[in-house]
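Visitor: The following comprises the amino acid sequence and a computationally predicted model.
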2 protein chains.
Amino acid sequence: MAVVDRRQQVLQAATKSFSLFGYKATTMDQVAKIANVGKGTIYTFFTNKEQLFDEILREVMMDMKVIAEREIRRERSFFENLHRVLDALLEFRSEHELFIKLSQESRDFGTPQANEGLDKLENVVLEYLQREVEHAMDQGEVKPCDPKIVSLVMFRLYIVLTAELNRVHEPLTKEQIKNYFHLFLAEGLAE
Amino acid sequence: MAVVDRRQQVLQAATKSFSLFGYKATTMDQVAKIANVGKGTIYTFFTNKEQLFDEILREVMMDMKVIAEREIRRERSFFENLHRVLDALLEFRSEHELFIKLSQESRDFGTPQANEGLDKLENVVLEYLQREVEHAMDQGEVKPCDPKIVSLVMFRLYIVLTAELNRVHEPLTKEQIKNYFHLFLAEGLAE
DNA sequence: GATTGACCGAAATAGTAAAACAGTCATATC
DNA sequence: GATATGACTGTTTTACTATTTCGGTCAATC
């Protein structure tokens, strides 16, 4: 069995365990067992638990970037691209399961590694948003304003519409999310 | 010393203690001491710690409503009123200290009473916002859409601009908050 | 030379004794 | 005799300790 293969086995097992149980509740013995590998083997590829977790986050972030790039059509409008990308990210199960589990862990225990992980994932999205906003502003598609603020507001709005709202309201359809996203960000409420 | 007076003493002392130490870390002995009252006296006015806390929340919520009503000028536009009210509420320190302490407690310990208290305070604001949105929609000042969703988005946007943003950005001035609030909610970003 | 699991010290958890707490009520006060 | 009080009580929380679990190592194994 090739070296790359064992490394992959470990990464897959760890991804599964982190997504299922979170950072704290994932033990290295467990990862070794799921990966069908001696515990020591893990440490030939990764220096410690935290670095293994970082590696997985790196993979997730790379996946997210690939997904985002794939969905962008430069000939389409900024808002259309924006929604397509967010939609595609929402669709992606594996990224999402880890994200949700880490959110739970952050809320319930405040595990520092879960917090930092979430921050990293969030920052990838924010940086992507910021670049796109800047581009759209250059193109004159968006009014001039601080891209940092705009991207943060966009991200939060997306979270509110896709997650938070569900506590007081039945979940919105994709079409509704798209419409409200456009209503608030593009058109504005004023009649 | 009149009955009303002692009740007021207890309420003031409890408000102080809850604002300073939160729900969990406030003891009835402490409240009695601050109020210069025997502990038993508290229980002649309030059935238990939780009901005392509820009573204080009720007071805070009433204050908030009074503040909101006072700021509304029916001859002015919806967005102007909206901003004036949120501004006035932000200004109101005493309510704010309790709010901030409860937020801390909710984050650090997840005390159920702190969570419920925050939900109650939030709901007062949300209900107020919803009513105002409905009124503005009737007046044709705002495009027709679900007031529940709009009010939640407004509230979250307000939190992002006044609090969350400060972690990655220097705090905005009141004027800037007002401008961004108007930009996102009223005008929209699209050029 | 790659892989492993028994092994180690550190860290988390469970168990327990002690302290603090919410709420009561017999007594004190006016 | 109506009101106020703090010592008292059963329960919960906390502080402390014993035990277990876990991350990481490394001599033995394949």
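Guide: Perfect, I can see it now.

Visitor: Which residue is the nearest non-sequential neighbour of the spatially most central residue of chain A?
Guide: By Cα atoms, centre = their mean, the mean C-alpha position of chain A lies nearest to residue A:121, the distance being 5.0 Å. Leaving aside its sequence neighbours, residue A:121 sits nearest to residue A:99 (Cβ to Cβ, 6 or more residues apart in numbering or on different chains; 6.3 Å). Any C-beta I mention is one placed from the backbone N, CA and C, and that applies to glycine too.

Visitor: likewise residue A:78?
Guide: The shortest distance from residue A:78 to any non-neighbouring residue, by Cβ to Cβ, 6+ apart, is to residue A:136 (3.8 Å).

Visitor: for chain A, what spans make up the helices?
Guide: Along chain A, the segments classed as helices by DSSP state H run A:3-21, A:28-35, A:39-45, A:49-71, A:78-91, A:93-108, A:112-138, A:147-162, A:174-182.

Visitor: Need these in a markdown table (columns: mean pLDDT and distance to DNA strand C).
Guide: Listed next are the helices of chain A as a markdown table, based on pLDDT from 0 to 100; distance: least, Cβ to the nearest atom of the strand, whole Å:
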| stretch | mean pLDDT | distance to DNA strand C |
| --- | --- | --- |
| helix A:3-21 | 90 | 5 |
| helix A:28-35 | 95 | 7 |
| helix A:39-45 | 93 | 2 |
| helix A:49-71 | 94 | 12 |
| helix A:78-91 | 86 | 32 |
| helix A:93-108 | 88 | 12 |
| helix A:112-138 | 93 | 10 |
| helix A:147-162 | 92 | 29 |
| helix A:174-182 | 89 | 37 |
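
Visitor: ranking these by burial, who's on top?
Guide: helix A:147-162 (a mean of 20; mean count of other Cβ atoms under 10 Å in any protein chain shown).

Visitor: which other residues reach that one?
Guide: Helix A:147-162 is contacted from outside by A:82, A:86, A:90, A:122, A:125-126, A:129-130, A:133-134, A:137, A:142, A:172, A:177, A:180-181, A:184-185, B:149, B:152-153, B:156-157, B:160-161, B:164-165, B:168-169, B:180, B:184, B:189, using Cβ atoms under 8 Å, 6 or more residues apart in numbering or on different chains.

Visitor: And for stretch A:77-86?
Guide: Contacts of stretch A:77-86 (Cβ under 8 Å, 6+ apart): A:67-68, A:71-73, A:128-129, A:132, A:135-136, A:139, A:141-142, A:154, A:158, A:178, A:181-182, A:185-186, B:190.

Visitor: Kindly report the same for stretch A:177-191.
Guide: Where contact means Cβ under 8 Å, 6+ apart, the residues beyond stretch A:177-191 that reach it are A:79, A:82-83, A:86-87, A:154, A:157-158, A:161-162, A:172, B:79, B:140-143, B:145, B:149-150, B:153, B:183-190.

Visitor: could you redo the last one with a cut-off of 7 Å?
Guide: Residues external to stretch A:177-191 that are found in contact with it (Cβ atoms under 7 Å, 6 or more residues apart in numbering or on different chains): A:79, A:83, A:154, A:157, A:161-162, B:140-143, B:145, B:149-150, B:153, B:184-190.

Visitor: circling back to that earlier point, which one of the helices of chain A lies nearest to residue B:27?
Guide: helix A:93-108 (26.7 Å; Cβ to Cβ).

Visitor: Say whether DNA strand D is contacted by the closest one.
Guide: No. Helix A:93-108 lies out of reach of DNA strand D by Cβ under 7 Å from any atom of the strand, never closer than 13.5 Å.

Visitor: which secondary structure elements does that helix contact?
Guide: Secondary-structure packing of helix A:93-108 (3 or more Cβ pairs under 7 Å, 6 or more residues apart in numbering or on different chains; DSSP states H and E): helix A:3-21, helix A:49-71, helix A:112-138.

Visitor: In TSV, list those along with distance to DNA strand D.
Guide: Shown next, in TSV, are those (distance: least, Cβ to the nearest atom of the strand, whole Å):
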stretch	distance to DNA strand D
helix A:3-21	10
helix A:49-71	4
helix A:112-138	11
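
Visitor: Tell me which of those approaches residue B:15 most closely.
Guide: helix A:112-138 (32.5 Å).

Visitor: which secondary structure elements does that closest one contact?
Guide: helix A:49-71, helix A:78-91, helix A:93-108, helix A:147-162.

Visitor: and the angle for that helix with helix A:147-162?
Guide: Counting by axes from the mean of the first three to the mean of the last three Cα atoms, to 10 degrees, helix A:112-138 lies at 110 degrees to helix A:147-162.

Visitor: Specify the angle between helix A:112-138 and helix A:78-91 in degrees.
Guide: 160 degrees.

Visitor: How far does helix A:112-138 sit from its chain's centre?
Guide: Remark: helix A:112-138 is offset 9 Å from the chain centroid, using Cα atoms, centre = their mean, to the nearest Å.

Visitor: Repeat that for stretch A:178-191.
Guide: Distance of stretch A:178-191 from the chain centroid (Cα atoms, centre = their mean) equals 24 Å.

Visitor: Tell me how far residue A:187 lies from residue B:148.
Guide: Distance of residue A:187 to residue B:148, computed by Cβ to Cβ, to the nearest Å: 19 Å.
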